[in-house]
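Asks: kindly generate the corresponding structure for this input.
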Amino acid sequence: MEQSTLKKKTVVGLFWTFSDLIANQGIKFVIQVILARLLVPKDFGVIGMITVFIAISQSFIDSGFTNALIRDKEPSQEDYSTVFYFNLFMAVLMYIALFFSADAISNFFKEPQLTAILRVLAIVLIINSFGLIQKTMLTKNINFKTQTKISVISSILSGVIAVIFAYMGFGVWSLVIQTLVMQFVQSLLLSLWNRWVPSLVFSIDSFKRLFGFGWKLLVSGLINTLYNNLYFLIIGKAFSAVELGYYTNAQKLRDIASQSITTSVQRVSYPVLSSIKEEEKTLRAAYKKIIKTSVFITFPLMIGLAVVASPLIRLIFGQKWINAISFFQILCFAGMLFPLHAINLDILQVKGRSDLLLRLEIIKKVIGLMLIAIVLCLQLGINGLLWSAVLSSYISYFINSYYSAELLSYSTIEQIKDIIPELIASVLMAIVVYFSGAILPNNNLVKLIGQFIIGVVVYICVCKIGKIEELKTVSDLLSSILNKVKKTY
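Replies: Model (predicted):
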């Protein structure tokens, strides 16, 4: 692929993914704030209790086929149709399994209302299956413009409906309705705007070929999903729905920043890197640039959010959520490395080494489970549990980056040297922001705005003094995006 074409596709992709980030995540943030003020922490905790079961079911439904199709240079109609019918079959199967296991899950958490909630909420699995192929096609073509529009429309519509139901006193059911409406609208619009219809064919050959790559991703994804949602199970079982509610909203707030950026970068980087997987020098250069640019944004954002957590949560969620402040701060430190995890694992998929991906996931999760077991044995509480997640995240980085040296001649030591300047700049910024909080007016809004402005100015100044090249990279990228905005509007 020509460099100019690749750059153009990347800029266009980033434009629409960051548009999605700003518009869609901004909408979700506003809705989350309103719902947090209308509902009580326990409502969010109850939904958190069944999150893991929905997430695991979704992994079975996808079974690694999405990434297999994206990686395939020219998947056929037969390939797409085969995966579509498999997705639909698995969705129905997973729904039946959750329907009949709802009572057992409810008894496990000792929350009687979970039975009805799970049986209704699990319908999203079937709804989602109708839009998976359309979304895969759009992602493969780096067409995030359509996906952004769909995300924004579904977020607004489902959010408004959820707020109305919450205001009317429906409690936790308003969150269930929000999820159902969002996924229904997304699948409907994906089907309407990406007009693809499956053929009446199911190819065993296509299934075997795609599943040959995807099954390792399925196992890896299951392990990862189960582990990432393990905290919901532990907190919901060992503590209470209220504390799980604090954790759930703290995680959502963290993910709006960290996970959203990670997903946005990954959505563009994976298909782009896949398109140049045979060009070793170009691939290594692009990979290195993506890592450095990602941490340039994520490090200051996550460290900064941890510093301003108190005025931020008090302002947006209200006093009844102050117990979530420490949860949020700890989770921010764990979320700092999310982009590095994702990009390092992406290169294994780009290179077709899903076997290594599976091996790494098993190693990481064994270590993570050992840390969790230590915390539970020593009875270190929820904060101890969350700090174990931070430690696990940093250990996982070294494990994830191990094979980059072998596949791209880009070792962990080289990566660390590349990201150290951004880390130092972020820490210096955070120190200034922290102490500025002591002299700013004791008003949450004023303090938050003041600390934000100070943080941005200090970070840019430190980057200029330190001659961090990503400052220019991001500036050029923003200029390209702004030019795209002018042409679009």
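Asks: after the helix or strand containing residue 435 comes which helix or strand?
Replies: Per DSSP states H and E, residue 435 falls inside helix 412-439. Moving toward the C-terminus from helix 412-439, the next helix or strand (DSSP H and E) is helix 444-465.
Asks: check whether residue 256 really touches residue 31, as I assumed.
Replies: No: with contact defined as Cβ atoms under 8 Å, residue 256 does not reach residue 31; the gap is 11.0 Å. C-betas here are computed from N, CA, C, even on glycine.
Asks: how about residue 233, what does it touch?
Replies: Applying Cβ atoms under 8 Å, 6 or more residues apart in numbering, one finds that residue 233 lies in contact with 49, 52.
Asks: one step back: now the helix holding residue 435 against helix 444-465, angle please.
Replies: Computed with axes from the mean of the first three to the mean of the last three Cα atoms, to 10 degrees, the direction of helix 412-439 lies at 140 degrees from that of helix 444-465.
Asks: pLDDT (mean, whole number) over helix 412-439?
Replies: Mean pLDDT, helix 412-439: 92.
Asks: going forward, begin numbering at 36 instead of 1
Replies: Got it, the first residue is 36 from now on, which makes the last one we talked about helix 447-474.
Asks: pull the distance from it to the chain's centre.
Replies: Remark: helix 447-474 is offset 23 Å from the chain centroid, using Cα atoms, centre = their mean, to the nearest Å.
Asks: which of the residues in that helix are buried?
Replies: Going by neighbour count (16 or more other Cβ atoms under 10 Å), the buried part of helix 447-474 is 447, 450, 453-454, 456-457, 460-461, 463-465, 467-469, 471-472.
Asks: tell me the one among these nearest to residue 503.
Replies: Of all these, residue 456 has the smallest distance to residue 503: 5.0 Å, by Cβ to Cβ.
Asks: tell me where this protein has strands.
Replies: Here the chain has no strands by DSSP state E.
Asks: list the contacts of the residue positioned nearest the centre of the chain.
Replies: With distances taken as Cα atoms, centre = their mean, residue 294 lies nearest the centre of the chain, 3.6 Å away. Under the criterion of Cβ under 8 Å, 6+ apart, the neighbours of residue 294 are 370, 373.
Asks: next one: it from residue 463, what distance?
Replies: Distance of residue 294 to residue 463, computed by Cβ to Cβ, to the nearest Å: 25 Å.
Asks: residue 116 against residue 237, yeah?
Replies: Yes: the criterion here is Cβ under 8 Å, and residue 116 meets it with residue 237 at 7.1 Å.
Asks: quick one, which of these two is more surrounded?
Replies: residue 116 (20 against 16; other Cβ atoms under 10 Å).
Asks: show me what stretch 245-256 is in contact with.
Replies: Outside stretch 245-256, the residues that touch it by Cβ under 8 Å, 6+ apart are 94-95, 97-100, 102-104, 106-107, 114, 117-118, 384, 387, 389-390, 392-393, 395-396.
Asks: so what's the model's average confidence on it?
Replies: Mean predicted confidence for stretch 245-256 is 72.
Asks: buried ones in it, by neighbour count?
Replies: 245-246, 248-256.
Asks: do the same with stretch 117-135
Replies: 117-123, 125-126, 129-130, 133.
Asks: can you pull out the residues in contact with it?
Replies: With contacts defined as Cβ under 8 Å, 6+ apart, stretch 117-135 is touched by 88-89, 92, 95-98, 100, 104, 153-154, 157-158, 160-161, 163-165, 167-168, 171, 233, 236-238, 241-242, 245.
Asks: would you turn the buried residues of stretch 245-256 into JSON lines with distance to residue 338?
Replies: Shown next, in JSON lines, are those (distance: Cβ to Cβ, whole Å):
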{"residue": "245", "distance to residue 338": "41"}
{"residue": "246", "distance to residue 338": "41"}
{"residue": "248", "distance to residue 338": "37"}
{"residue": "249", "distance to residue 338": "36"}
{"residue": "250", "distance to residue 338": "38"}
{"residue": "251", "distance to residue 338": "35"}
{"residue": "252", "distance to residue 338": "32"}
{"residue": "253", "distance to residue 338": "35"}
{"residue": "254", "distance to residue 338": "34"}
{"residue": "255", "distance to residue 338": "29"}
{"residue": "256", "distance to residue 338": "29"}
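Asks: what's the end-to-end length of stretch 172-185?
Replies: By Cα to Cα, to the nearest Å, the extent of stretch 172-185 from end to end equals 14 Å.
Asks: wait, stretch 495-506
Replies: Stretch 495-506 end-to-end distance (Cα to Cα) = 8 Å.
Asks: identify all contacting residues around that stretch.
Replies: For stretch 495-506, contacts defined as Cβ under 8 Å, 6+ apart pick out 327-328, 331, 456-457, 459-460, 463-464.
Asks: ok, now with 10 Å
Replies: By Cβ atoms under 10 Å, 6 or more residues apart in numbering, the surrounding residues in contact with stretch 495-506 are 324, 327-332, 335, 453-454, 456-457, 459-464, 467, 494, 507, 509-510, 512.
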